[in-house]
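Trainee: Output the structure for:
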Amino acid sequence: MIIACPACGTRYVVPDSAIGVEGRTVRCAKCKHSWFQEGPTVERPPEPATPAPAAPPPPPPSPPVYTQAEPAAAPEPRDIPRPGFSISEPEPDPAVEQPTAKEERAPESLASDIVPPPPVTTYDDSAEEYSQFDPEPPFRPRRNPLKLWTYAAVIFAIFALGIVAASSYWGLPDWVPVSRPVFGAAQQDLVLDFPPEKRGGGQSSEGTVYYEVSGTVTNVGSETRSLPAILIVLRDGRDRIVFSWEIAPPQRTLAPGESVTINEAVTDIPKAARYAEVGWKPS
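Mentor: Now for the predicted structure:
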């Protein structure tokens with residue numbers, strides 16, 4: 001609330017709780033004048049409105065009145081046939097269309113109520129009954145990984161030994177990407193002598209291009225040696241192999257100090273051939 005000093009007119013803002021509802025004496029801080037300050041007026045809440053009178057409840061429904069129905073007329077007794085007597089059927093009304101024999105069918109309601117009999121289950125005495133309490137065969141033993149790796153290592157070793165034996169006997173196939181020597185290893189006590197002046201090509205009178213080599217093979221040792229095949233290789237100016245042919249030995253063995261002469265020529269060689277090399281055929 002806001003209070004004002006009646007002497008000097010200074011105004012102050014004080015909380016309502018400081019003055020109270022009944023009021024109190026206050027003093028001006030500026031002119032030191034004291035006066036009795038009335039408390040703040042308290043507004044009373046409005047009185048609640050008087051509710052309208054409730055509508056009277058509806059009257060309860062009247063109880064139902066039951067009347068006794070008249071007894072139904074008893075059906076007329078039908079004539080019961082007796083032995084020796086017959087009952088005549090009433091004559092049909094000509095105004096009503098009578099169904100023919102073909103049109104007389106059973107009502108659909110009766111036909112739908114007909115349920116086929118359940119299938120008969122036969123019991124086969126020969127079939128063996130299965131019981132969950134019957135003993136089962138033992139489970140398959142778990143495979144041993146160490147044993148499987150041992151078997152794989154043995155198979156790989158056998159396969160590798162087979163490849164090594166085949167390569168040493170027949171040699172590596174051509175499709176294997178490894179560098180192979182052009183000529184075989186030197187033969188013990190066997191010396192090849194094919195001078196460069198006895199190697200060369202030419203052309204015959206018929207115009208056929210040929211290349212010939214001439215030389216000797218000598219056994220310089222003290223034991224008889226077998227004579228392997230000789231390989232002739234032709235190279236071009238870039239040292240590339242353009243042609244090769246094999247010379248079969250004229251005899252199988254050479255005795256100590258024995259020598260054999262070889263003269264060979266080949267036709268239809270490439271025109272790029274420049275020089276020849278002589279060596280033993282690789283085994």
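Trainee: What residues are bridge-paired with D193?
Mentor: T216 (DSSP bridges).
Trainee: how about it, what does it touch?
Mentor: G215, T216, V217, T218 (CB atoms under 8 Å, 6 or more residues apart in numbering). Where C-beta positions appear, they are placed from N, C-alpha and C, glycine not excepted.
Trainee: Contact partners for Q251?
Mentor: L227, V260.
Trainee: follow-up on the earlier one: which one of the contacts of D193 sits in the busiest neighbourhood?
Mentor: Neighbour counts for the contacts of D193 peak at V217, which has 24 neighbours (criterion: other CB atoms under 10 Å).
Trainee: Quick check: chain neighbours aside, which residue is closest to that one?
Mentor: V260 (5.2 Å; CB to CB, 6 or more residues apart in numbering).
Trainee: Would you confirm that the one you found belongs to a helix?
Mentor: No - membership of V260 in a helix is not supported by DSSP: H, G, I helix; E, B strand; the rest coil, which gives strand.
Trainee: quick one: it and I232, what's the gap?
Mentor: 16 Å (CB to CB, to the nearest Å).
Trainee: out of those two, which sits in the busier spot?
Mentor: I232 (22 against 14).
Trainee: Quick check: that one touching E264?
Mentor: Yes - counting by CB atoms under 8 Å, I232 touches E264, with 7.1 Å between them.
Trainee: any common contacting residues for the two?
Mentor: What both I232 and E264 touch, as defined by CB under 8 Å, 6+ apart, is the set V213, W245, I247.
Trainee: ok, these vs A153, which is closest?
Mentor: Nearest to A153 among those is W245, at 45.9 Å by CB to CB.
Trainee: Could you look up the SS state of that closest one?
Mentor: Under three-state DSSP, W245 falls in the strand class.
Trainee: Residues in a beta bridge with it, which ones?
Mentor: Beta-bridge partners for W245, by DSSP bridges, are I232.
Trainee: Same question for F36.
Mentor: Beta bridges link F36 to T25, judged by DSSP bridges.
Trainee: hang on, it packs against R27?
Mentor: No - with contact defined as CB under 8 Å, F36 does not count as touching R27 (10.9 Å).
Trainee: Just want to know which of the two has more residues nearby.
Mentor: Taking other CB under 10 Å, F36 and R27 do not tie; R27 has more neighbours (11 against 8).
Trainee: Next one: the residue nearest to the more buried one when sequence neighbours are not counted from A7, what distance?
Mentor: In space, R27 comes closest to S34 once its chain neighbours are excluded; the distance is 4.5 Å by CB to CB, 6+ apart. Taking CB to CB as the measure, S34 and A7 are separated by 9 Å.
Trainee: between those two, what contacts are shared?
Mentor: C28.
Trainee: Which residue ranges of this protein form strands?
Mentor: In the chain, the strands defined using DSSP state E lie at 2-4, 11-13, 24-27, 34-37, 190-193, 199-203, 209-219, 225-226, 230-235, 241-247, 253-254, 259-267, 275-280.
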